[in-house]
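Novice: my questions concern the predicted model and sequence given below.
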Amino acid sequence: MGLSGSGKSTLIRHVNRLIEPTAGEIVVEGNSVLALSLDELRKYRRTKVAMVFQKFGLLPHRSVIDNVAYGPEVRGVGHEERLEKAAKWIATVGLSGYENSRTRQLSGGQQQRVGLARALAMDTDIILMDEAFSALDPLIRSGMQDQLIELQQTLNKTILFITHDFDEALKIGNRIAVLKDGAVQQVGKPEEIVLKPANAHIEEFVREVNKARAIHVRSIMERGDVELCEYSVPMNARCEDVLPLFAEHEWVGVLDDDGRQIGRVTAKQVIRALARHSPT
Ligand SMILES: Nc1ncnc2c1ncn2[C@@H]1O[C@H](COP(=O)(O)OP(=O)(O)OP(=O)(O)O)[C@@H](O)[C@H]1O
Ligand SMILES: [Mg+2]
């Protein structure tokens, strides 16, 4: 995460070596990306990292399904199989019925979904997303974020997601790195960054989010039978009061007025609520 011009695109493009670094190293699964030969680099881009660009980067004269099937095609997957794969990913991103449309006939949000489906169809362990949702209007954007979070629960890929929007970073990130003037300011879990901003620059972002800290945990908790938690809070506690607990607990129990545990709340839920409700 970082403001415009902070160096996000520059940084992410090093990962698949669209930019050659002048210093330092890039290590993926123990291998130096800089040590790859031209052939190995081509293979690495085809099989290890897929990229979703800020401005879609689709092939305008191809149909949706041929765009999505592009990755498997380059990898030499047979016609039938790659169309089948492509259709599956198109359905996953909610575009069934558009398989044969030209991408330029689609709305921005739909094109963005094609971009995501295409990256997913590449079947790589790593996906690079450079402001992939930034051009979308707020409702569609929020829907795409939810979809990505949900997808990720089953895919478990390494997703490097770039955004200039702190709320978006809090909502979807497991670990966030904040960039400014080409330098990393802080790296940490969302709750670590909100609780302990490393400097004044990050404090400014956190201050905006703090306005949303008055939400009650009862409105965001997971209800139902859960294991008795080591630590519990009343259901009318505010996120503001609960947040510091996550420095030590992964989740805390939520108690009703009679002191019975009726559910629990996790750091991620609190952080997402803050991101969702902060004014922008
Ligand atoms: N090869 C390079 N050598 C020197 N400076 C560069 C190089 N590439 C980019 N820059 C500069 O680095 C800065 C960061 O650019 P970058 O595109 O990474 O920003 P960004 O964080 O992605 O911004 P945005 O949110 O607007 O996309 C810019 O001022 C740019 O001009
Ligand atoms: Mg950029």
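Specialist: Ah, there it is. Ligands and ions are numbered 1, 2, ... in the order given.
Novice: what helix or strand is Arg276 on?
Specialist: Under the criterion of DSSP states H and E, Arg276 resides in helix 267-277.
Novice: report the contact partners of the closest residue to Met1 other than its chain neighbours.
Specialist: Here the nearest residue to Met1 in space, its sequence neighbours aside, is Ala169; by CB to CB, 6 or more residues apart in numbering that works out to 4.0 Å. (Glycine included, C-beta is placed from N, CA and C.) Applying CB atoms under 8 Å, 6 or more residues apart in numbering, one finds that Ala169 lies in contact with Met1, Phe161, Thr163, Ile176, Pro190.
Novice: and the helices in the stretch 1-150 of the chain?
Specialist: Secondary structure of the stretch 1-150 of the chain (DSSP state H, counting those that start in this stretch): helices located at 8-15, 38-47, 64-68, 70-74, 79-92, 108-121, 138-155.
Novice: I meant the stretch 151-280 of the chain, not that one.
Specialist: Taking DSSP H, counting those that start in this stretch as the criterion, the stretch 151-280 of the chain contains helices spanning 166-172, 190-195, 200-210, 239-242, 267-277.
Novice: which one, of these, ends up nearest to Ala86?
Specialist: The closest of these to Ala86 is helix 166-172. By CB to CB, the value is 24.9 Å.
Novice: any idea of the pLDDT on the residue in the stretch 101-250 of the chain positioned nearest to ligand 1?
Specialist: Per CB to the nearest ligand atom, the residue of the stretch 101-250 of the chain with the smallest distance to ligand 1 is His164, at 4.8 Å. Confidence at His164, expressed as pLDDT, is 92.
Novice: go on, the one 3 residues further on?
Specialist: At Asp167, the pLDDT value in this model is 88.
Novice: one more: Tyr98?
Specialist: According to the predicted model, the pLDDT of Tyr98 comes to 95.
Novice: how about the one 3 residues further on?
Specialist: Each residue has a pLDDT score; the one for Ser101 is 94.
Novice: which residues of the stretch 151-280 of the chain lie near ligand 1?
Specialist: Selection of the stretch 151-280 of the chain residues close to ligand 1 by CB under 6 Å from any ligand atom yields His164.
Novice: the helix or strand of the chain with the lowest mean pLDDT: how far from the chain's middle?
Specialist: When each helix and strand of the chain is scored by mean pLDDT, DSSP states H and E, helix 267-277 comes last, with a mean of 82. Between the mean C-alpha point of helix 267-277 and the mean C-alpha point of its chain there is a distance of 14 Å (CA atoms, centre = their mean, to the nearest Å).
Novice: low-confidence stretches in the stretch 101-250 of the chain?
Specialist: Of all residues in the stretch 101-250 of the chain, those with pLDDT under 70 make up the ranges 210-214.
Novice: on that earlier part again, list of residues touching the helix holding Arg276?
Specialist: Counting contacts by CB under 8 Å, 6+ apart, the residues outside helix 267-277 that touch it are 142, 166-168, 170-171, 189-191, 194, 209, 212-213, 215, 217, 219-222, 239, 242-243, 246, 250-251.
Novice: from what I see, Arg141 and Glu131 are in contact.
Specialist: No - judged on CB atoms under 8 Å, Arg141 makes no contact with Glu131 at a distance of 11.0 Å.
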